[in-house]
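Novice: give the three-dimensional model of this entry:
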Amino acid sequence: MQIKHVGPKTLISTQGVSFSTKKKDKYIYLSSLLQLIESIDHDYVEDRVHTYMLDSRELTNDEIISAIKQYCPGFETIITKAKEAAEAYIEDKLTRAANSIHHNEEEIRVLINNITLMHDYTIQRHINKCVYYDVINTFIDHLRHTNIAYISAPAQKTFFHVLHTVQRTLRQRKTPVNSQLTFHKEGEALFIKLHVVNF
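Specialist: Now for the predicted structure:
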């Protein structure tokens, strides 16, 4: 398997399969995240502000895969491990469904069928999530290597989500890193800024 867009999180029950619009597929953030990595992937001159014009178009799936392979050498390993973890998760759900004391035989059969029906979808979402977080960590490593004090991006939903994830991941590292997210205006345009306090 590779990465590709699938959709929101599934809610699987004896009644059928529905989707949670609150839990988006992490794939939708990869284009913005990869543009941010590209924007900081160059040599820097101290005390100089560098500007990079972000592309307003979404990267194609092939462009996303190519960029990830460029920045994350362990891409194939991440996919393999993610697939194995997702398979184990699905197997556990199937076992719990089969041994449920809360459902009758027919409900158990339906639940198992619904979990099985969404097998590939569930695996793909898990792969996308694992790849997304690996690219987030790659972005953070680039930030640390270049000693960038702050990065500013358009306050679009995808960039906000990405920078919020970066901030949370910085805070959760073994040696926590403080950062601040702020908004600022440049003319009529609204931007979000991630300021790294202590690398």
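Novice: for the most centrally placed residue in the chain, give me phi and psi.
Specialist: Central residue of the chain (Cα atoms, centre = their mean): residue 132, 3.2 Å from the mean position. Main-chain torsions, residue 132, degrees, to the nearest 10: phi -60, psi -50.
Novice: run through the chain and note the low-pLDDT ranges.
Specialist: 1, 43-56, 199 (pLDDT under 70).
Novice: for it, what spans make up the strands?
Specialist: Using DSSP state E, the strands of the chain run over residues 9-13, 16-20, 150-154, 179-186, 189-196.
Novice: quick one: buried residues of the third one?
Specialist: When you say that, I think you mean strand 150-154. The neighbour-count check on strand 150-154 (16 or more other Cβ atoms under 10 Å) flags 151, 152, 153 as buried. To be clear about C-beta, it is placed using only N, CA and C from the backbone, and glycine gets the same treatment.
Novice: any idea what the second one is bridged to?
Specialist: With DSSP bridges as the criterion, residue 152 is bridged to residue 193.
Novice: check whether it really touches residue 185, as I assumed.
Specialist: No: the pair residue 152 / residue 185 is not scored as a contact, 11.3 Å apart, by Cβ atoms under 8 Å.
Novice: what do these two both touch?
Specialist: Counting by Cβ atoms under 8 Å, 6 or more residues apart in numbering, the contacts common to residue 152 and residue 185 are residue 191.
Novice: about what we covered before: out of the strands of the chain, flag the one nearest residue 117.
Specialist: Residue 117 sits nearest to strand 16-20 of all the strands of the chain, at 6.9 Å, using Cβ to Cβ.
Novice: and the angle for the closest one with strand 9-13?
Specialist: Calculated by axes from the mean of the first three to the mean of the last three Cα atoms, to 10 degrees, strand 16-20 forms an angle of 150 degrees with strand 9-13.
Novice: tell me what strand 16-20 is packed against?
Specialist: Where contact means 3 or more Cβ pairs under 8 Å, 6 or more residues apart in numbering; DSSP states H and E, strand 16-20 is packed against strand 9-13, helix 105-117.
Novice: cheers, nothing more for now.
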